[in-house]
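J.: I'd like to go over a predicted model; first the sequence, then the structure.
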Amino acid sequence: MSPARKGAHPLVTPPPSRLGVAAGGSRTLQDANNLAAAGSQSQDKVMPSATASEDASQPIGLSASSATTPRLGASPLAERGSVPSGIAASIATSGSVIAVANPDEAIEVEVNGNGGQSQPPAKRQKKLTSEVWLYFDRNKIMAEENGKEVEQVWAQCNFKGCNNKTSRARGESRFGTTGFWTHLNNYHGVVKGQQEVDTDLDPGVAVVEPYKYDEAASLKKLYTAIIMHEYPFNIVEHEYFIDWVKSMRPSFPINCRVTVRKEIMNLYLQEKDKMYAYFKTLKCHLSATMDMWTSNQNKGYMCVTLHWIDNDWKIQKRIINFFHVTGRHTGEKLSDSFTSCLLKWYIEKKMFSLTLDNAAANEVAVKDIVVELKKHAPLICGGLFFHVRCANHILNLVARDGMSVMGSATNNIRAFVLAVKSSTVQWEEFLKCATECGLDTRPGLSLDVSTRWNSTYMMLRDALYYKPAFERLISYERRKYEKTAPSPEEWTKAEVLIPFLKSFYDLTELFSGILYPTANLFFRGFCEIKLQLIQWCDHADPIIREMAKAMTAKFDKYWRKSNVALAVANVLDPRFKRLIVEFYLRKLYKGSYQAELDKFNDVIKKMYQYYVSSTPSSNSEASAPSSAIDVFMNNVAVGAELDSFLNETQSCESDGLPSELEKYFLSPTLKVAKGETFDILSWWKGQTGEYPILSQLARDVLAMQVSTVASESAFSSGGRVIDPFRSRLDPEMVQALICTRDWIGAARKDSRNVSSVVGDLEVLQAIQDNLGLEEEDLASDDDEPEFQL
């Protein structure tokens with residue numbers, strides 16, 4: 001054996017048994033040749049070499065002459081004759097130790113030029129095939145591991161703003177991708193194996209929306225669509241509907257209408273459980289509205305709607321019951337039905353107020369309800385503020401009494417409008433005249449209904465707008481219209497009447513809002529009506545005076561029974577505070593206003609002391625100021641006289657009020673520029689730390705409703721649910737459809753900062769119905785406190 005040269009490495013030959021050759025050489029060298037050939041082929045995959053693959057096919061047991069013959073492309077080690085050329089090529093490419101058949105011969109081998117140290121072959125980087133790497137970026141860093149500096153691969157979630165602790169982890173293949181998929185599922189809604197749809201929500205911004213087909217979720221969406229859009233149950237049996245569904249997914253299960261009814265009822269019960277659990281978490285009081293409705297089935301339904309201000313200081317509304325009331329709708333029957341509803345929802349201890357219309361049966365019902373609720377929990381101030389009468393009904397009755405007196409003054413205008421609209425030829429002539437006068441013909445003319453004063457107002461409003469066109473039309477055919485044409489005096493009376501009716505109409509619309517608080521608008525609105533009636537009682541026209549007296553008599557009847565808590569709500573407006581009450585008391589009561597103001601102060605103290613005794617100290621935590629944009633309440637334009645009074649009197653005197661009330665009244669009033677909007681709820685949200693008890697009082701009082709529009713608007717929806725084609729729906733299913741529609745719609749709209757499900761059309765329809773209701777006089781009620789202003 002020749003000695004090893006410097007820089008060379010003597011090949012150590014393993015025992016024959018490890019070479020696969022018997023000690024006596026009884027086995028051939030074919031196995032060894034095959035082993036060498038296989039080793040060469042595996043190396044060719046990493047570093048292809050024509051010479052290596054060619055030489056690897058030679059057997060190891062070659063003669064010395066053939067092994068040392070130089071060939072083109074042969075390995076340098078083979079040229080020296082130390083090893084066969086095939087083995088030398090393999091050694092040159094891999095640096096591996098190769099065993100030979102002759103154990104008595106040593107071979108000198110150069111080892112990669114690394115000073116005699118053998119290094120493992122460099123591995124080819126594995127291709128990344130997992131879809132998880134669409135959401136993670138890989139970065140290589142140098143880190144110390146077991147005392148050595150090694151290269152590590154880390155992966156970081158590429159979702160914008162994702163800094164969760166699981167968003168970064170080791171990215172080598174040995175660590176797997178399960179942790180990455182878990183992070184995507186928990187924080188970004190991306191599920192392994194799901195399809196992805198690219199959408200452009202904003203120009204130039206690509207958003208990946210994950211989607212995975214879920215049959216149960218798709219069926220639920222179908223049932224939700226039937227509820228929300230009031231589709232008939234048998235839509236699932238319509239031939240073309242089935243064809244449409246099957247064209248998108250042939251395997252989608254289409255259930256029969258009986259199954260649809262069952263699933264909708266189950267969905268209603270699920271949503272009801274959610275609402276029940278939510279009400280248990282509320283820390284505020286609830287205000288309710290209740291009204292009755294008769295369907296085309298000739299069945300009476302009671303609608304109960306709850307109103308409250310949530311923890312984010314957003315006003316909320318939910319219909320909790322829409323159920324059939326059998327028998328006569330007496331006060332006792334209404335009381336039992338309403339109280340049973342509260343007990344089933346377990347909210348009888350959280351009631352603050354109940355808004356009803358002016359039906360005589362409601363007067364009896366509310367007394368029984370107060371007695372029943374006191375058995376379960378004390379009402380605020382003994383129920384002094386519980387009963388709220390619908391302000392819109394009061395305005396309707398007052399306006400109707402006035403219009404009954406003024407009816408003769410508008411007869412000719414009504415007849416002229418009717419004559420123009422009753423003939424196609426005359427209507428075309430009228431439109432031609434309106435165009436010639438430069439008037440907009442799109443609004444058209446409105447016809448009034450005798451039972452709805454608001455329709456008379458709209459008829460007079462339109463007629464006055466088109467007055468030049470009427471006069472031009474009369475000039476065309478004077479003989480034809482001379483008997484029906486209004487006289488100049490009648491036009492003058494209509495012009496005088498319109499501004500007053502407009503104040504009633506605008507106030508009715510303002511009180512009909514359900515997306516903003518209305519309790520703080522009641523006191524000032526009614527005081528303005530009262531001052532106008534006083535002014536009209538001294539009008540020069542005897543007809544106007546007679547109308548004003550009739551309206552005043554009706555107005556005073558209901559004004560004496562108005563809820564004093566609604567005046568407290570106006571005091572909680574930081575723009576006015578108690579100054580607005582003092583301002584109107586001075587105008588209404590002149591020199592005796594101080595006695596009335598003292599009575600009002602006693603009411604405030606009584607209400608505040610109740611909250612002091614019932615509010616735990618832990619509720620006085622500060623709340624972050626609201627950043628919501630003022631989108632709900634338009635700033636009511638402050639009259640010049642009231643504006644001057646507020647500027648002269650910057651703060652109220654304490655009058656021995658409790659500390660927090662004193663602090664609130666002594667602080668300056670909030671200045672809001674004219675034309676700007678003001679959100680009273682956002683303001684109180686930011687003051688919960690400054691006024692912890694007073695803010696809780698404001699949260700309950702501002703949720704009071706001054707009209708029953710919220711419940712009446714549900715009847716518009718009920719009329720579509722129980723239409724002539726669905727008149728066989730049972731009351732249980734009617735309640736499920738209307739309540740579930742309200743809950744699901746409100747939950748979706750909550751995410752858009754809108755808190756009610758009732759649409760604008762339903763509110764407007766409810767206003768129209770409200771203004772056209774027949775009067776039901778109040779029964780005498782001497783036990784209730786009077787609020788005379």
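T.: Yep, that arrived.

J.: how about low-confidence regions in this protein?
T.: 1-126, 194-211, 407-409, 450-451, 514, 563, 615-658, 710-727, 749-789 (pLDDT under 70).

J.: quick one: the strands in it?
T.: Along the chain, counting by DSSP state E, strands occupy 9-10, 108-109, 136-145, 148-157, 168-170, 195-202, 205-211, 286-294, 300-309, 315-324, 351-356, 387-389.

J.: how about the ones you listed in a markdown table, adding mean neighbour count?
T.: Placement of C-beta: from N, CA and C, glycine included. Formatted as a markdown table, the strands of the chain follow (neighbours: other C-beta atoms under 10 Å):
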| stretch | mean neighbour count |
| --- | --- |
| strand 9-10 | 16 |
| strand 108-109 | 19 |
| strand 136-145 | 11 |
| strand 148-157 | 14 |
| strand 168-170 | 15 |
| strand 195-202 | 9 |
| strand 205-211 | 11 |
| strand 286-294 | 23 |
| strand 300-309 | 23 |
| strand 315-324 | 21 |
| strand 351-356 | 24 |
| strand 387-389 | 24 |
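
J.: would you list these in a markdown table and tack on distance to G402?
T.: Shown next, in a markdown table, are these (distance: least, C-beta to C-beta, whole Å):
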| stretch | distance to G402 |
| --- | --- |
| strand 9-10 | 118 |
| strand 108-109 | 118 |
| strand 136-145 | 74 |
| strand 148-157 | 69 |
| strand 168-170 | 75 |
| strand 195-202 | 54 |
| strand 205-211 | 59 |
| strand 286-294 | 25 |
| strand 300-309 | 30 |
| strand 315-324 | 32 |
| strand 351-356 | 24 |
| strand 387-389 | 19 |
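
J.: of these, which is nearest A540?
T.: A540 lies closest to strand 387-389 among the strands of the chain, at 33.9 Å (C-beta to C-beta).

J.: report the strands that pair with that closest one, each with its relative direction.
T.: Here strand 387-389 is paired, per DSSP bridges, with strand 351-356 (parallel).

J.: got the angle between the strand it pairs with and strand 300-309?
T.: Orientation of strand 351-356 against strand 300-309 (axes from the mean of the first three to the mean of the last three C-alpha atoms, to 10 degrees) gives an angle of 140 degrees.

J.: if I look at Y589, how far off is L269?
T.: Y589 sits 55 Å away from L269, going by C-beta to C-beta, to the nearest Å.

J.: ditto for R168
T.: For R168 relative to L269 (C-beta to C-beta), the value is 44 Å.

J.: dump the residue contacts of Q594.
T.: By C-beta atoms under 8 Å, 6 or more residues apart in numbering, no residues touch Q594.

J.: now it: how far from R741?
T.: 52 Å.

J.: picking that back up, so Y589 and L269 - more neighbours on which side?
T.: Neighbours per residue (other C-beta atoms under 10 Å) separate Y589 from L269, with Y589 holding more: 15 against 11.

J.: hmm, back to that, out of the strands of the chain, which comes closest to D730?
T.: That would be strand 315-324 among those, by C-beta to C-beta, at 8.7 Å.

J.: now the closest one - C-alpha only, PDB.
T.: Presented in PDB, the C-alpha positions along strand 315-324 are these (Å, rounded to 0.1, in the frame of the first residue of the first chain):
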ATOM      1  CA  ILE A 315     -81.200  54.300  19.600                       C
ATOM      2  CA  GLN A 316     -82.600  50.800  18.900                       C
ATOM      3  CA  LYS A 317     -86.100  49.400  18.100                       C
ATOM      4  CA  ARG A 318     -87.300  45.800  17.900                       C
ATOM      5  CA  ILE A 319     -90.800  44.300  17.500                       C
ATOM      6  CA  ILE A 320     -91.000  41.700  20.200                       C
ATOM      7  CA  ASN A 321     -94.500  40.500  19.600                       C
ATOM      8  CA  PHE A 322     -97.100  40.600  16.800                       C
ATOM      9  CA  PHE A 323     -99.800  38.300  18.100                       C
ATOM     10  CA  HIS A 324    -103.500  37.700  17.700                       C
END
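
J.: quick one: strands adjacent to it?
T.: Counting by DSSP bridges, strand 315-324 is paired with strand 300-309 (antiparallel).

J.: report the angle between the partner strand and strand 286-294.
T.: Using the same axes, to 10 degrees: strand 300-309 against strand 286-294 is 160 degrees.

J.: next, count neighbours for K375.
T.: Quick note: K375 (other C-beta under 10 Å) scores 8 neighbours.

J.: repeat for T281
T.: Quick note: T281 (other C-beta under 10 Å) scores 7 neighbours.

J.: please apply the same query to G327.
T.: Counted with other C-beta under 10 Å, G327 comes out at 7.

J.: please apply the same query to the one 10 residues further on.
T.: Neighbours of S337 under the rule other C-beta under 10 Å: 20.

J.: wait, it touches G300, no?
T.: No: using C-beta atoms under 8 Å, S337 is not in contact with G300, being 10.0 Å away.

J.: hey, what's in contact with both of the two?
T.: V325.

J.: what's near enough to touch P542?
T.: Contacts for P542 (C-beta under 8 Å, 6+ apart) come out as none.

J.: what do you get for I529?
T.: L395, V398, S503, F504, L507, F555.

J.: of those residues, which is the nearest to D573?
T.: Nearest to D573 among those, counting by C-beta to C-beta, is L507 at 16.8 Å.

J.: what's around the closest one, how many residues?
T.: 20.

J.: give the contact list for the nearest residue to it once chain neighbours are set aside.
T.: Once flanking residues are discounted, L507 sits nearest to G525: 4.9 Å by C-beta to C-beta, 6 or more residues apart in numbering. Residues near G525 by C-beta under 8 Å, 6+ apart: A391, L507, L510, F511.

J.: burial measure for D357, as a count.
T.: With other C-beta under 10 Å as criterion, D357 counts 23.
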